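Student: return a 3D structure for these sequence lines:
(2 chains)
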Amino acid sequence: MQIYLPIAEVSVNALVLMGLGGLVGVMSGLFGVGGGFLITPLLFFIGIPPAIAVATGANQVVASSVSGVLAHMKRKTVDFRMGGVLLAGGLVGSALGVLVFNILQRVGQVELVVQLCYVVFLGLIGAMMLQESLRALLRARHPTGRRRLHQHMWVHRWPLKVKFRASGLYISVIPPLLIGVAVGVLAAIMGVGGGFIMVPAMIYLLGMPTKVVVGTSLFQITFVTAFTTLMHAVSYNTVDVMLAVLLIVGGVVGAQIGTTLGARLRAEQLRILLALLVLAVCGKLALDLFLRPDDLFSITTRGQ
Amino acid sequence: MMRGAILALLALLLAPVLPGPAQAQGSGSTMPADPEAGLLPQVEERPAWLLFPDPGQSRGPAPEAREGPAEQVVAGLSNSSVAITTSFDGSDILIYGAIKRQTPIPETPLDVIVTIEAPSQPLTIWQKQRRAGIWINTDRVEVGAAPSFYAVATTRPLDDILAPDWDNRYRISLPLVLRAFAGAPEVEDTLPYTEALIRLREQNGHYRLEENAVTLVEDTLFRTDIRLPANLIEGDYRARIFLLRGGEVIDAYGAAIEVRKVGLERWLYRLAFDQPLLYGLMSLAVAVIAGWGASAAFRKLRRA
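Tutor: Numbering: from 1, shown residues only, chains lettered A, B, ... in the order given. As a prediction, this is how the structure comes out:
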């Protein structure tokens, strides 16, 4: 069933799009990630112009993260104050990112920078996650006492300390602000929510307890991706709502399947699987950068 | 089936054999054999970089026109407008017609060329090079105007029936359709870039040369089908029909095909460009409602 996308000006198979949305929905149901880091490259592969893939990917992440954050609010696992600080940074970062994206587009290096960002971040995060989850798996087999509750790290010596009650933290607002900015920039450039970067950052850099991390990250992601979508729509007219709807429809169904599957797997196994998936996407993108392309020439027109 | 076979037989019987001396030198091909010659026949006063002449510029000495056309094209199109709907999947245009004449049929063989051209857009052609181990876009050539779709259908091989000076005058073959470069290019040799543009667009079916695709019956009736691809842009498309004898154009006919988005496609497209803020907010609303709906449905399912 071919469908013509009004903004992308390409005709694509609607079932393929719903399938993509579904696949990513399964992933987000399984692993609790927004799936932007999967959807954007997949849209590139099926021939959606990059600028439109990024902007529309952000819109799709809004849908999946709204769905997630509502569930977490019910369980009271959202640190609104921390979320607010991250968000403030995120909005600044997102505005910066859209600006950078536009400059890159003008000099024709969008594809390269987006690809490089993906390779670097997916590679780092994937490797860290794999190492961490393997260690956790071993630890589960050979229990060795409890970990310390509070580790005093560099972040605890910075000024402007604030109490984050839900997280049980008393730290400077500067590190979460900086993390917010960084994730906002990446969200705008890569069309991702940044969950796969923010979650490890919140755990390892801020020392937040795991139970509030996912909900707080989703809270921040919802607003940053919503802002990014609006910026892209207003500045560059690159959000294709038809494309977004198809992805969302698939994603909603996929998420249900993913959650059901997830209930049958153990947390450590899930994290190893996610790490492997992240590394696989990273590997594919890295190969594209390093191998000689089929055609050295390429054409760009408006919106591409 | 039967009719097609008869038409083909007729066409074969009528197919002339001897190309005149004027065509023997033909360089009106899409790709010149000699790269030094450029895509255009050389004209002294033209700057070397101006491979695609500006439409406003003089095209050198025009071939002398005959005294009043002895033969005229009378033609029709199956559709004078194409509506891009949600399920748009390309469109077939039937172009048919007859040759009107008062005098007996001349000895030299008659040929017909049909072209369909989409509106032109500026574009950039990039070349990748290996830098620090990875392949990145390094050099570019900007083309001021190139049609996003261009098809040529002919009764016989284009080189055999069209003399270069007549090609130059009417801009029939593909290299001549591509217009001026936008500013002086930054590279020394632009030929590989324009060749790449034609090659890439031929690969995805947006530039087409269909020789022998026009059926001509008894030097009087002709017809051809041209398929417009699914990935069409809006605008006024141009259909041209040329009548040729001995390499010269003896009559030309032009018609417009209006390609427009209609219904939902049109509404969304206009909204995105005329009211981008409203459009962005609508995209967000769609995502939020879908996300909220999904989480509500989840809860219902779990409770049930």
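Student: quick one, strands of the stretch 51-200 of chain B?
Tutor: B:71-77, B:81-84, B:91-101, B:110-117, B:120-131, B:134-147, B:150-154 (DSSP state E, counting those that start in this stretch).
Student: pLDDT weak spots in the stretch 101-250 of chain A?
Tutor: Along the stretch 101-250 of chain A, the parts satisfying pLDDT under 70 run over A:140-157, A:191, A:193.
Student: adding mean pLDDT and distance to chain A, write the strands of the stretch 51-200 of chain B out as CSV.
Tutor: Where you see a C-beta, it was placed from the backbone N, CA and C, and this is true even at glycine. Formatted as CSV, the strands of the stretch 51-200 of chain B follow (pLDDT from 0 to 100; distance: least, Cβ to the nearest Cβ, whole Å):
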stretch, mean pLDDT, distance to chain A
strand B:71-77, 86, 22
strand B:81-84, 88, 6
strand B:91-101, 89, 11
strand B:110-117, 92, 16
strand B:120-131, 85, 5
strand B:134-147, 83, 4
strand B:150-154, 93, 14
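Student: any idea which of those strands gets closest to A:Thr301?
Tutor: strand B:120-131 (4.6 Å; Cβ to Cβ).
Student: for the closest one, buried residues please.
Tutor: B:Ser120, B:Leu123, B:Thr124, B:Ile125, B:Trp126, B:Gln127, B:Lys128 (16 or more other Cβ atoms under 10 Å in any protein chain shown).
Student: just the residues you listed now: which is nearest A:Gly29?
Tutor: B:Lys128 (38.1 Å).
Student: so what pairs up with the closest one in the strands?
Tutor: In this structure, B:Lys128 bridges to B:Asn137 when assessed by DSSP bridges.
Student: surely it meets B:Ile134?
Tutor: No. Contact criterion Cβ atoms under 8 Å: B:Lys128 and B:Ile134 do not qualify, at 9.5 Å.
Student: show me which residues of the stretch 101-250 of chain A sit near chain B.
Tutor: Neighbours of chain B within the stretch 101-250 of chain A, by Cβ under 8 Å from any Cβ of the partner chain: A:108-109, A:111-112, A:226, A:229-230, A:232-235, A:237, A:239, A:241-242, A:244-245, A:248-249.
Student: which phi and psi does B:Lys261 have?
Tutor: Main-chain dihedrals, B:Lys261, degrees, to the nearest 10: phi -70, psi 140.
Student: what about A:Pro6, how many neighbours?
Tutor: As a burial measure, A:Pro6 scores 23 neighbours (other Cβ atoms under 10 Å in any protein chain shown).
Student: return the residues in contact with it.
Tutor: A:Asp240, A:Met242, B:Lys261, B:Leu264, B:Glu265, B:Arg266, B:Leu268, B:Tyr269, B:Ala272 (Cβ atoms under 8 Å, 6 or more residues apart in numbering or on different chains).
Student: separate out the buried members of those.
Tutor: A:Asp240, A:Met242, B:Lys261, B:Glu265, B:Arg266, B:Leu268, B:Tyr269, B:Ala272.
Student: one step back: just name the closest of the buried residues of strand B:120-131 to B:Leu232, please.
Tutor: For those, the nearest to B:Leu232 is B:Ser120 (14.1 Å; Cβ to Cβ).
Student: OK, contacts around the residue in the stretch 101-250 of chain A positioned nearest to chain B?
Tutor: Residue nearest to chain B within the stretch 101-250 of chain A: A:Ala233 (3.1 Å; Cβ to the nearest Cβ). Taking Cβ under 8 Å, 6+ apart as the contact definition, A:Ala233 lies against A:Ala55, A:Val239, B:Ala272, B:Pro276, B:Leu277, B:Tyr279, B:Gly280, B:Ser283.
Student: just to revisit the earlier point, buried members of the residues of the stretch 101-250 of chain A next to chain B into ChimeraX, please.
Tutor: Typed into ChimeraX, the next command selects the buried ones out of those (criterion: 16+ other Cβ under 10 Å):
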select /A:108,109,111,112,226,229,230,232,233,234,237,239,241,242,244,245,248,249
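Student: restricted to strands, list the residues of the stretch 101-250 of chain A next to chain B.
Tutor: Among those, DSSP state E puts none in strands.
Student: relative to A:Ile48, how far out is A:Ala16?
Tutor: Slight slip there: residue A:16 is Val, not Ala. 11 Å (Cβ to Cβ, to the nearest Å).
Student: between these two, which is the more surrounded one?
Tutor: A:Ile48 (23 against 16).
Student: helix, strand, or coil at the more buried one?
Tutor: Per DSSP: H, G, I helix; E, B strand; the rest coil, the local secondary structure of A:Ile48 is coil.
Student: what's the nearest residue to it if we skip its chain neighbours?
Tutor: Take A:Ile48 and drop its neighbours on the chain: the residue closest to it by Cβ to Cβ, 6 or more residues apart in numbering or on different chains is A:Ala8, 5.6 Å away.
Student: what ranges does the stretch 101-250 of chain A have for its helices?
Tutor: Ranges of helices in the stretch 101-250 of chain A, per DSSP state H, counting those that start in this stretch, are A:110-141, A:174-190, A:195-204, A:210-236, A:241-262.
Student: got phi/psi on the nearest residue to A:Gly47 once chain neighbours are set aside?
Tutor: Of all residues not flanking A:Gly47 in the chain, A:Val10 sits nearest, at 6.4 Å (Cβ to Cβ, 6+ apart). Main-chain torsions, A:Val10, degrees, to the nearest 10: phi -130, psi 150.
Student: okay, now the unreliable bits of the stretch 151-300 of chain B?
Tutor: Of all residues in the stretch 151-300 of chain B, those with pLDDT under 70 make up the ranges B:179-185.
Student: and the helices in it, which stretches?
Tutor: Assigned by DSSP H, counting those that start in this stretch, the helices in the stretch 151-300 of chain B fall at B:158-161, B:164-170, B:174-177, B:191-203, B:263-274, B:276-303.
Student: next, format the ones you listed as a markdown table and append distance to chain A.
Tutor: Formatted as a markdown table, the helices of the stretch 151-300 of chain B follow (distance: least, Cβ to the nearest Cβ, whole Å):
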| stretch | distance to chain A |
| --- | --- |
| helix B:158-161 | 24 |
| helix B:164-170 | 24 |
| helix B:174-177 | 14 |
| helix B:191-203 | 3 |
| helix B:263-274 | 4 |
| helix B:276-303 | 3 |
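Student: quick revisit: with distance to B:Val214 added, can I get the strands of the stretch 51-200 of chain B in TSV?
Tutor: Formatted as TSV, these follow (distance: least, Cβ to Cβ, whole Å):
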stretch	distance to B:Val214
strand B:71-77	11
strand B:81-84	21
strand B:91-101	8
strand B:110-117	5
strand B:120-131	24
strand B:134-147	20
strand B:150-154	5
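Student: list the contacts of the most centrally placed residue in chain B.
Tutor: Nearest to the geometric centre of chain B sits B:Tyr150, at 0.9 Å (Cα atoms, centre = their mean). Contacts for B:Tyr150 (Cβ under 8 Å, 6+ apart) come out as B:Thr115, B:Ile116, B:Glu117, B:Ala118, B:Leu174, B:Val177, B:His206, B:Tyr207, B:Arg208.
Student: A:Leu96 contacts A:Gly180, correct?
Tutor: No. Using Cβ under 8 Å as the test, A:Leu96 is too far from A:Gly180 to be in contact (11.4 Å).
Student: thought A:Leu91 was touching A:Thr225?
Tutor: No. In this structure, A:Leu91 is not within contact of A:Thr225 by Cβ under 8 Å, at 11.2 Å.
Student: these two: which is more packed in?
Tutor: Comparing A:Leu91 with A:Thr225 by other Cβ under 10 Å, the one with more neighbours is A:Thr225, at 33 against 19.
Student: for that one, give its distance to A:Met1.
Tutor: For A:Thr225 relative to A:Met1 (Cβ to Cβ), the value is 28 Å.
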